[in-house]
Structure formats: C-alpha cells, structure tokens
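> Build the 3D model from these lines:
(3 chains)
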Amino acid sequence: MSDDARRLKPVDVVVVGGGWAGSIMAKEMTEAGRTVVMLERGPDRSTAGEGAYPASIDELEANFRYKLFQDLSKSTVTIRNNASQTALPYRRMAAFLPGEGVGGAGLHWSGVHFRMPPDDLRLRSRVIEKYGAKFIPEGMNLQDYGVSYEELEPFFDRAEKVFGTSGEAYKVNGQVVGQGNVFAPSRSDHFPLPPLKDVYTAHLFRKAAAEVGFHPYSLPAANASQQYTNPYGVQMGPCNFCGYCSGYACYMYSKASPNVNILPVLRRHPLFELRPNCHVLKVERDSTGTRATGVTYTDAEGRVVTQPAEIVILTAFQFHNVRLMLLSGIGRPYDPVRNEGVVGRNFVYQNVTTSVVWLDPRVETNQYIGAGGGGVAFDDFNSENFDHGPLGFVGGSPVWVNQAGVRAIAAAHSGGPPGTPRWGSAWKAGMIDTYRHSLRIDAHGANMAYRDVYLDLDPTWKDAYGQPLLRMTFDWKDNDIRMNRYVVDKIGNVAKAMGARNVHLGMREFGRPFDTRQYQTTHLGGGAVMGTDPQTSALNRYMQSWDVHNVFVIGANAFPQGTGYNPTGMVAALAYWAAHHIRTTYLAHPGPLAG
Amino acid sequence: MRGGWTSGLRHMAAALLVALSAPVAPARSASTQSASIQGASTGSAAAPGTPGPGAQPQGMPLPADLLTRGEYVARAADCGACHTVPGGAPFAGGMAFHMPTGTLYAPNITPDAQAGIGQYSEAEFIRAIRQGIRRDGATLYPAMPYPSYARMTDDDLHALYAYFMHGVRPVPAPVVQDGMHWPLSMRWPLTLWRRLFAPDPAVTLQGAAARTFSDPVVARGAYLVEGPGHCGACHTPRAVTMQEKALTAEDGPLYLSGGAPVDGWRPVSLRGENRTGLGRWSEQDIVRFLATGRMPLGAAFGGMTDAINHGTQHMTADDQLAIARYLKTLSPTTPASAPGWAYDPTAANALHAGDAGARGARHYVDSCAACHRTDGRGYPTTFPPLAGNPVVMDPTPDSLIRIVLEGNTLRATKQAPSAFVMPGFAARMDDAAVADTVSFIRAAWGNDAPAVNAADVARIRRSLSPEHPPATLPMN
Amino acid sequence: MAPGRRQFLGINGSGFISSRRRFMQGLAGVAACGTVSGTGAAAPPTPYTPVFFNAAEWNFLLAACDRLIPADANGPGALALDVPRFIDQQMTTPYAQGAQWYMAAPFVQGPDNLGYQLPYPPRDLYRRGIAGMNAHATTRHAKPFAALAPDVQDDLLRAAEGGRLVFGDVPSAAFFDQLLANVMEGAFSDPIHGGNTGLGGWTMLGFPGARADFMDWVDRYGAHYPLGSVSITGETA
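Just a heads-up that it's a prediction; the model follows:
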C-alpha cells in the first residue's frame, strides 16, 4: 500500500489528530519555526457552525445521534471481559463516546480541568513507601510516570492559562491563599479566572460535605466564569450555565476548546496546514525501523498518500494512538501471557458510579442549569490523601456534584428511583419527581492497571480501510470495586446531612462485569504508557517512543494507571511538557531524549 | 462605502434623468502641489499623457520605504474593499455593485498594461484618484470616492502610485464592463455630476494647507478621515443629487452626522452625540474599535466590518489615535441640554424577577438574553451591550432590525484573532416578533428610541438580498 | 434570507414552515380533545399518514406508545405528543438505516453486557419486532396487539422488555429497548423532529428547552423557575 502511495512535499512535523494535544503540539512547533501539517480524520468544525444558537441546542442530534462523535460505521473497537471470550464489536455508542473532527472531543467535552495529584504521578513508589511492596495486589501493574509534579507545574500552569480555567487555589508558592482543595499541591499562580458560581445542588453539597468533616472545593473548570483573553490573544465569552456542554460546541465560546482557544491563531499561521477528512493508516519507517519517515493516509478524496516528515507526533484519542502504534510496528506489542512488551499494556478506564439524593419535594433542584466543569468536590478519599493501610486497596476517588445540565431525554432515560418501572404512569411520576427534586453525586474513581487487562489487534473484525480493529480486554477487579464501595459509602453521610428524603447509593457490584451498554465515561487511558523503563513503558518520560526517536505520542495513553481526576488537564500539560523538550533539546539534537 | 452607491446611484440616476446636456469638459491638470501633512512632497507629477507604466525611470532604484508607504496608503484609503474580491488576486477588481440600473464591477487596478492601469502615468493616476477622470478622459462612477480622495497629498499619491506600479502583481484578466443600463451606461451624466459636485483638488488642497490645527495629531486625523479614509462617503448625509452635504469638519455639523441607510445598514453619527454618536466613546475606545472591531460599548457590523478588515486594523497606533482624537473634536448635533444616557434598571429587574410580560420581553429572553443578558449589558468585548449602544438608539432602526434578521459576524483582526458570530433570527421570528423584540431593546435599560412596527421589519426583510450570502463562517 | 444563513441556522425554510404547521395542527388536535394534561384523558395524535410503517405496524405503534407513556395526571401521553409521528419520521433518517452503527460482519452473539450484535438497523428491528409482537398477540389472544385490552398490552410489553419473547432471531428485549428509546426521544426532543407537540413533554418535566441561559437563575437556590419552555424554532409554552 505504502509503496504505491503518492508522496507529498515533505514537512518538518506531521501531527496526527486535531484535538487538544494536536493543536497544542502544532502551535508549539510553528512557534519553533517548523512547518506543520495536522491530519484530522473527521471534518473541519467550528463554534459558529456546530455551535450556532439556538439550532445547535438539540439534544436528540447532539446526545442521541452523536453528531460530533466518532463515526463507528467506519471504525470501532472490539471488547471482551477476559481473554477466554471472543471480543465483539462495539457497534453502537454507549459506554464511551470518542470524538471526531477538528477540535476532537475537545470541542464537545464538559470542561473539568485538573492537575494530576503528585502522589498519583509516583503511585508505585508512594504505595511501597507507605505500605510496603507486598501491599500491591498480585497482577496489578502499578507504575510511576517518571515525571514529577514539580517538573510539570509550569506546564499545568500554561495549560490553565490557555484554557482560561476557573477555580480557586489553596496554595500559591507555598502560601495558603484561598478556599481551594486543601489536598492540592502548591501552585506557581492562581487560576486565571475565579471559580464558577455554585449551582444549588453544588451549594448544598458543599455545605453538607463540610458539616460531615470533609474538605469541599470548587471543581476547576475550563468553562470561563467571566470573559477572558488567553495568552494567544483569543477571547472566550462567559459561561451562562446553559447546561449544554457535553456533546455540544459551546455557543457562548465559554468552554475551552482547541477551536476557540488555539486554532484561531494556528489557522492564520503561515507554517501551519490543517487537512481534515484525512485518516492516517500507518506511520512509515526507514529500513532500520528506528526512524519514522512520515505517515500514509487516506485523504478526503479517498486517495492513499504519504506525507514525509522529520517528526511524527501522534495526538489521536488514547486508543487510536495505541492502535496506530500497533499497526505501524512502533514499540513491541504487549504479550499478557509473558507480561512482556509494551504497546497495549496497562490499559485502564475510570471507575465512576453515580448516587442520587432526593430532597424535599417543595425544593426545585433545577438540574437543567449547569456548567460542564462546574461543581463542588471533596478529595478526602482521592489519591493517597487517606490511609489505605487498613483498607487493603490501592487508589481512590474524588466525590462531587458536577451538575453539567440534565436535559429532557436524558432525564426520561434516567427515570425514577431503583425499582421504578421504565415506562407507564409509575415511571412518569418517579421520573418527574426525580428530575425536579433530586441531585446526583459521582464517585469518580481511579482504575488500576492489571496484567490481563490490555489492548491488541482484533483477529476478526476490520475497519472501513481494511485494517484490524483494536481489541479491548477489560473488566473490573476486586481492588477497584472495594475502593468504589468504600468511597460511595461516605456519600451516604453527606446525603444525610443534606436532609435527603431518599438516597440511592450507586456502587459497583462484585461479580458484575464491565457493561458496554451503559454510558460510564470516555476517560480511557494507558496502552502506550510513559515511564523510565523501556521494559514497562512504550514512551520515555518525554512522550517519545523508546524505539523510534522521532515519534512522539501525546495522550491519556501515556497514563500508567488510572486516576480519580479527569484526564484532559494532564494531557494538555504533557503536551506542553513534551513540546518544551522537543523545542529546547530535540530539534537541535534529534535522538533519544532519555537513555 | 460600496453599499452607499448601491442605492446612491439609484437616486443619482433619477436626478440626472432631468434632461441636461453638457459637453464633456476637458480634463483639468492634476499636477497640484500642496503641503503634505506628512511633510514635504517627494515627487513631482509628470505631465498628463506621459506613457507608463512606472513613475520611476528605468534603472533608478525606488526609495526603500516607498512601496511600504504606498501599501499603507492603499490600506488607509481602503482600495481593497472594492477592488479585491474575497479570495481573488489583490486589486484585480471584479467586485459587483448590483443596482436597478445594472451591475457595476470595480475595475482591475493592478499594473497590467491591458487589463489594469499599467499604462497610467503618475499624473493620470493622480487625476483619476483625485478627480475621477479615467485615462481616456471619461468620468469614473462616483462609487470611487474621489471627492474625498481629492484631499490626498502628492506625497501619499506618489507612494500609492509606486505601490500600484511596483508592489502589486499584474493580473492580466480584464474585468468585463459594463452591465449598466441606460442612462448610466453613458458616462456624460457622470461627468456632469462630477463637474457640479466633485471638489476642485487645487482649491481643496489650498484649503487644507490653510487650515490650522493646534494639535498636530488632530491635523493628521483630519487628513486621514476627510481624505483617504473617506469616512463621509457613508457617515455623512447626502443631498438628493447624491453629493455629500459636507466634505470636511469645516463644512458644518452635517459632516459625519450619520448617513442614509444602505441595504439595511444605517451608518451612525461619528460626532459627539451622547446617545447616538461617539459622545461616550473615549479616544482609546475608538482606537480599540479601529484595531479590533470591538470595544466595551459596541462591536462592528455591516460595511464597517470591511473597513476595519481591509483598512483600519492595518493602520499604525498613531494613526488610529489621530483618527480618534479628530473624531472627538466633532461637536454633537444634539443640544448640550439633551439628557445623556444613564442606565435604568427597570427592565432588568422585571426580567430578573421572571416577569417577561412587557412587549417583546419574552422574545428577548428566548432569543437574545443568552449573549446580551437580561440587563442588556452584554459581555463586552465578546458580545456587545445593547444598553446605551448608539446603534440601538439611532433614530433609524434599520441596522438593528437587519442584525436581528440576518445576524452578524465580528471578524478576526490581527490584534483580536477571535471571530464571533451572531446567528440570524429571520427564520425564527416573524415580522411582528422582530418588531416587538427591537422595540423592547430600543426602550429598555435607559435607551429612549421609538418603537418600530412590523412594516419596518417587512421592508428590511424584503431588502435582504439572497445574492449577498454571509461570508464563510469563521472557524473558531 | 440567504441560503447559507439558513443552513447556518440549521433551519430550512420549508422545514420551519412545516414545523410551524405541525405545531398548529398539534394545537388543533389538543383543542379538539379539550385538554391534555391534568385530567388523564388521552388526546388523539395529530392526523398523520405514516411514510414508513404500514397500517398494521402503525396500529401497533399507536397502541404501544399509548401504554409506554400514557396520558395521566402528570401530563400528556405519547399520543398527544405525537411520538408515533416522530418515530415514523426518524425511520427515514440515516440513523434508522444503521448508518451510524458498525455493521460489519460477522455477527456473533455473545453475553448481553458486550452489547448489541444483531445485523439489524432500527428499521429492521421495528419490522421484525412489530410483526413478532402481533404474531404473538394473535397466537395467544387471537387479536393483534392494538386490539387487546390495555392490561393485556402491558403484560405483553413487560414480557418483551424482560426478553421472554423471541421474534425469529430477534430477542424481544432488543426490539423493546429500541422502541422505548425512541419513545423517550419523541416525547422529550425538540419539536423540530416531529414529537413533543406543544412542548408538552418539556412542560411536564419543567425543562426550559432551547433557551439555554440561566445566568440570572444559577444562584436562586431552590426557587421555582417561572418561564415557560421554548423550542429551536421559537415555539413557546
């Protein structure tokens, strides 16, 4: 295929994927004076187009016809719970919703924008320090990232300033400065914008959590609490709590997106070229196999072409990055039987369950009011903020009210309290009561990496381009279920303090397998992780392939295991971190950045 | 600008249909010297008829900055707004002016000898710009704002000529002329009009030289606004015979006091009226507006979008300031005793309490308040305020109605890379609903403009031409 | 209005007009019945001729929708909300032909939690499912579904929901889930898609619809939001 492909004029850098990571890397590389081609397999998108008011405020099209999401008819994944099963195609959108098109999922995400907790970055070391190596369960591939919070801090800061993130700091330069998360590490600066207002349910949660003795804080949100101009000179409007974030382009230009926050400048840059509707098939390598020569892709007209480049940066969604590495032979594929190889290893998800609290029926919770990243959380049971010793599990979970705006069809599907029929008059009564008078609390937990949970290429099913689908082998493990149940139990106390009339604690159940039919989260991670040991990581700590030094891979694929936080803030910081080292070191001295 | 002539020529045609006859006057010499505000004139114009192209004899190098200066003058005079088609080669012409009397196409002004102006001598070029006389002696359609350009200095025109001869790529494609129907297919009525109304450059330049300014910044601003900027072409009212009623600040308070609506856009007063002019805009507000199309009290729309896009955003900060300072010298046409705008919270309080019972209030809440807020203050400089906005309080509601129907795009500029798009509501609201909404906006928050009715909306709706689709949507 | 602008707003002229007409027709239907909500009386749907479903299928759909969201004291039912019309109109979209689903063979059945594995897009599920429901009803009760008493219909729907029926190679739960999902969509999506007539679904829920601006309400804790709903085309309730 590649031999017949038409060869295009070489460029310095080719970026595969037009989301947050791709836009950041393209911006950084053009700033470094390099010519950049960004390939995006989906269409070009903009706020003015996809976010036109009020036509875009259409829940059916956005959330049930998946207007802005990946076209599964062309490419999907197969899923099984364990290696003894036949993995089956993920044929309809449900459990997770990958994005597609310029801006990627960054156009239609919610906006929760975290930094990674310092302990999570060195979780293996931390757990061994605190509890001893034997504490790590058999089969758990617990690892460190190989990069510290202190090293990443300037890049977390940079990303927040580019995104226009709203939040309240706890510590700046070691000094306590505000009512932020007491567990959060010190920052070099405040958030660029003050926190969003609390919606009513978040306000109740904040009060109740404090009463119970926890430490509530405002979720850091890339939904601007006021008008904002970022360091690139682009402007954001303020969030008006319209409740249409997830699945939508923000018509207020107030939710950070690559389209609003980076691309207006990038598109004008003479060294930058965006090519939408271009599906990358393979990273090409030279005869030694240790150097990439460019990528081969199917262009908008269906022609197979090769784009030569000095540097190839993969910035597609987590599992697309992993698949592209497998299809291109970059890095050794993971073998779960021998626990050897690195590409596909340490595939993780996020361990999210939702509880519902019903309040006095005279109180309206107005759940349609919301901001995707807004809300109140407490971290008392996240990361290593609590003593795991007597509990016997690894990992934790922040707990929050993140009322992003519950819309009508979603409310109808959610229905009433457990036990309520899904239809008929009883459903109607329960559903209306629930919509008007309840609130939802999430435990947004970490998912650890295990030896027998991994990604590889499916032997049977293929995509529209004739390439094998990626295969996921995934299930929940007892460690993670115990963690979830421990944390969710705490929600009961908070609900009581809120004066709940009824509570449903949403918990993970032992023995109930991962269910692809229920939406959970699109926070998938791992599969091509970063680290300091080429035996257990596909990428070095600069996001550079250990084996092919001019390939950099940016995404949540680099997370060695899951975290309780949403991944985007970390992905953006890793992009700026990698770009910094490419600019300061690699461009002048191409070669491995870590030995 | 060009919009002004869409309907302007329509009126002019009517005016000139009165049986008049006069011979084509011999062209006057254009080799007028005048004191340039920029300093001494550097070039002396050649006699008419000297063959082109090029002002510079063969082998003599151009002064290093001449082309740069010429390009800058072209920006300041906004030549590209008419002579460059979006996406087309610079200055290759072809911009269409659709009028009932026919279609006029802006000519190719690249230095191509056949299709463009390559054969123009510098003197012929200057004569065309200042006096509207083509190389062959015919009169240019006054869509070309030569009554304003008559004030341009020799120095600027020399640089402009050099730029068009040496800094612009020749494009051999001719612009096909001319779709005009009789009587405007004849050039002689234009000549007559020109003789009657276009100023004599010699007199103009003498007058300019004699004018004294205590502040050289204001002097520079006067030159830019009255001369190359040709702001009055849109913002000054015109007589029935279509000449601007005032060409400079010295001509009295009609100058820049607001022009007639054009295609539903009403050019506002640029004088010091508190409610309907620039009375509450600071110098820095105006500078910011010229550079970015947005400032805390308002945002650009209509023809001004092009003027900013092609022109003012490219001007130096000093020149933007000069324009601002000059505009701030223009006295209001309203009496000093007229009460200024002050915010009135009544409407906001009602909406905040959930009372959308006032005429148009529910439409406002359903379609407008998301961006412009129930308190009308908007989110400057992302979404402009409606409270206290001169465009909203303008006696003529055309602009407001048209924006509601058609929407507007605030384009990106060099300094403000974010574009913002307001969608049109023509499909969502019928005429009565638009009238109610616009009436609400014009009376709320301390605004004091009279209500509008459905017939006003119907008139504007009919005028929206499907031949003017919105520019490609910005990609952010 | 310029065509580009129409496209941009996502509303084409004729679509808008027909949506308006449907709205008026919807109101007429409501008026003819006297009332929609509060009395429990079932309102008939707007007169509508289906383009996808045949007469037998349409009768099933009307009857099933009426049971899945019955009119009652809490608000209008699926018929007054024109949910059957919504579903019929959806059947002509790419969605109903499976254009957004991965439909490559082989189709291998596996555990439920690994998701839908049938080769049938929504249109086929409806065709097979409705035929199966009616066949089952006729075998058991000698009448098609629509002719059965409401409590018998409920029993059959519950049996289908619980996967206790099989329609050839279509498990009844697969059909029922498809039907229920589309019923919910029809009752609660923007009326531009043909359902939620008169914004009755949103009003019943207390959902403001396409206003999408709560800057004034975000910190009014526990308060009742007083403004009625609005749709994409500007229809209000």
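
> any weak-confidence spans in chain C?
Across chain C, the ranges flagged by pLDDT under 70 are C:1-45.

> can you give me the strands in it?
C:166-167, C:170-171 (DSSP state E).

> now, of those strands, which is deepest in the fold?
Neighbour counts (mean count of other C-beta atoms under 10 Å in any protein chain shown) averaged over each of those peak at strand C:170-171, with a mean of 20. Using the backbone N, CA and C atoms, a C-beta is placed for each residue, glycine as well.

> Okay, now the sheet partners of it, with direction.
strand C:166-167 (antiparallel) (DSSP bridges).

> Now do stretch B:390-397: distance to the chain's middle.
18 Å (C-alpha atoms, centre = their mean, to the nearest Å).

> From the rest of the structure, what touches that stretch?
Stretch B:390-397 is contacted from outside by B:258, B:261, B:266, B:268-269, B:273, B:275-278, B:297-298, B:301, B:341, B:386, B:399-400, B:438, B:441-442, B:447-450, B:452, B:456, using C-beta atoms under 8 Å, 6 or more residues apart in numbering or on different chains.

> Report the buried residues of the helix or strand in which A:Arg158 is found.
Element membership for A:Arg158, per DSSP states H and E: helix A:149-163. When burial is assessed from 16 or more other C-beta atoms under 10 Å in any protein chain shown, helix A:149-163 yields the following buried residues: A:149, A:152-153, A:155-163.

> Which single residue of chain A ends up nearest chain C?
A:Ala55 (3.1 Å; C-beta to the nearest C-beta).

> Verify the stated contact: that residue with B:Pro423.
Yes - with contact defined as C-beta atoms under 8 Å, A:Ala55 counts as touching B:Pro423 (7.3 Å).

> Correct me if wrong: B:Tyr72 contacts B:Thr312.
No - the criterion here is C-beta under 8 Å, and B:Tyr72 misses it with B:Thr312 at 11.9 Å.

> More neighbours: the two, which one.
Ranked by neighbour count (other C-beta atoms under 10 Å in any protein chain shown), B:Tyr72 and B:Thr312 place B:Thr312 first, with 27 against 20.

> For the more buried one, which non-adjacent residue is spatially closest?
B:Leu290 (3.9 Å; C-beta to C-beta, 6 or more residues apart in numbering or on different chains).

> Repeat that for C:Gly206.
Nearest one to C:Gly206, counting by C-beta to C-beta, 6+ apart, is A:Arg436 at 5.5 Å.

> who are the neighbours in contact with that neighbour?
A:361, A:364-365, C:205-206.

> Kindly reformat the residues you listed as a markdown table containing neighbour count.
Below are the contacts of A:Arg436 laid out as a markdown table (neighbours: other C-beta atoms under 10 Å in any protein chain shown):
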| residue | neighbour count |
| --- | --- |
| A:Pro361 | 10 |
| A:Glu364 | 18 |
| A:Thr365 | 24 |
| C:Leu205 | 26 |
| C:Gly206 | 18 |
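
> Could I get those in a markdown table, plus columns for distance to C:Tyr126?
Converted to a markdown table, those look like this (distance: C-beta to C-beta, whole Å):
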| residue | distance to C:Tyr126 |
| --- | --- |
| A:Pro361 | 38 |
| A:Glu364 | 38 |
| A:Thr365 | 36 |
| C:Leu205 | 26 |
| C:Gly206 | 31 |
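
> Mind checking which of those residues land in helices?
C:Leu205 (DSSP state H).

> nearest to chain B, of the contacts of A:Arg436?
Of those, the one sitting nearest to chain B (C-beta to the nearest C-beta) turns out to be A:Glu364, at 12.9 Å.

> nearest residue to the closest one other than its sequence neighbours?
A:Glu364 sits nearest to C:His224 (C-beta to C-beta, 6+ apart), 5.3 Å away.

> So the chain: which segments form each domain?
Let's take chain A. Partitioning chain A according to automatic domain parsing yields domains covering residues A:1-162+A:256-349+A:447-472+A:523-595, A:168-218+A:351-445+A:476-512.

> my bad, the chain I had in mind was chain B
B:2-209, B:216-327, B:346-463.

> Which one, of those, ends up nearest to A:Gly213?
domain B:346-463 (37.0 Å; C-beta to C-beta).

> Span of the closest one from start to end?
Counting by C-alpha to C-alpha, to the nearest Å, you get 35 Å between the two ends of domain B:346-463.

> And the pLDDT at B:Pro466?
According to the prediction, B:Pro466 has pLDDT 65.

> Surely A:Gly370 touches A:Asn240?
No - under the criterion of C-beta under 8 Å, A:Gly370 makes no contact with A:Asn240, lying 10.7 Å away.

> follow-up on the earlier one: drop anything exposed from the contacts of stretch B:390-397.
B:258, B:261, B:266, B:268-269, B:273, B:275-278, B:297-298, B:301, B:341, B:386, B:399-400, B:438, B:441-442, B:447, B:449, B:452, B:456.

> What is the subsequent helix or strand relative to the helix ranked longest in chain A?
When every helix of chain A is counted residue by residue (DSSP H), the longest turns out to be helix A:478-497. Downstream of helix A:478-497, the next assigned helix or strand under DSSP H and E is strand A:502-504.

> Pull up the pairing partners for that following strand, direction included.
strand A:351-358 (antiparallel).

> Determine the set of other helices and strands touching the next helix or strand after the partner strand.
Using DSSP H and E, the next helix or strand after strand A:351-358 towards the C-terminus is strand A:376-378. If you count contacts as 3 or more C-beta pairs under 8 Å, 6 or more residues apart in numbering or on different chains; DSSP states H and E, strand A:376-378 packs onto helix A:200-212, strand A:216-218, strand A:399-401.

> Which stretches in the chain count as helices?
Let's take chain A. Going by DSSP H, chain A shows helices at A:20-31, A:47-50, A:59, A:118-121, A:123-131, A:149-163, A:200-212, A:258-261, A:263-266, A:318-328, A:408-414, A:424-437, A:478-497, A:568-581.

> Not quite, go with chain C.
C:3-9, C:13-33, C:55-68, C:83-90, C:122-141, C:150-161, C:172-188, C:200-205.

> still on that earlier bit, quick one: which of A:Gly370 and A:Asn240 has more around it?
Using other C-beta under 10 Å, the more surrounded residue of A:Gly370 and A:Asn240 is A:Gly370, with 30 against 24.

> So what's the residue count around the closest residue to the more buried one other than its chain neighbours?
Distance criterion C-beta to C-beta, 6+ apart; nearest residue to A:Gly370, sequence neighbours excluded, is A:Gly405 at 3.3 Å. Neighbourhood size, A:Gly405 [other C-beta under 10 Å]: 23.

> Look up how far B:Gly340 lies from A:Gly405.
Relative to B:Gly340, A:Gly405 is positioned 41 Å away (C-beta to C-beta, to the nearest Å).

> ok so, going back, could the domains of chain A go into a markdown table alongside mean pLDDT and distance to B:Thr374?
Shown next, in a markdown table, are these (pLDDT from 0 to 100; distance: least, C-beta to C-beta, whole Å):
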| stretch | mean pLDDT | distance to B:Thr374 |
| --- | --- | --- |
| domain A:1-162+A:256-349+A:447-472+A:523-595 | 97 | 16 |
| domain A:168-218+A:351-445+A:476-512 | 97 | 15 |
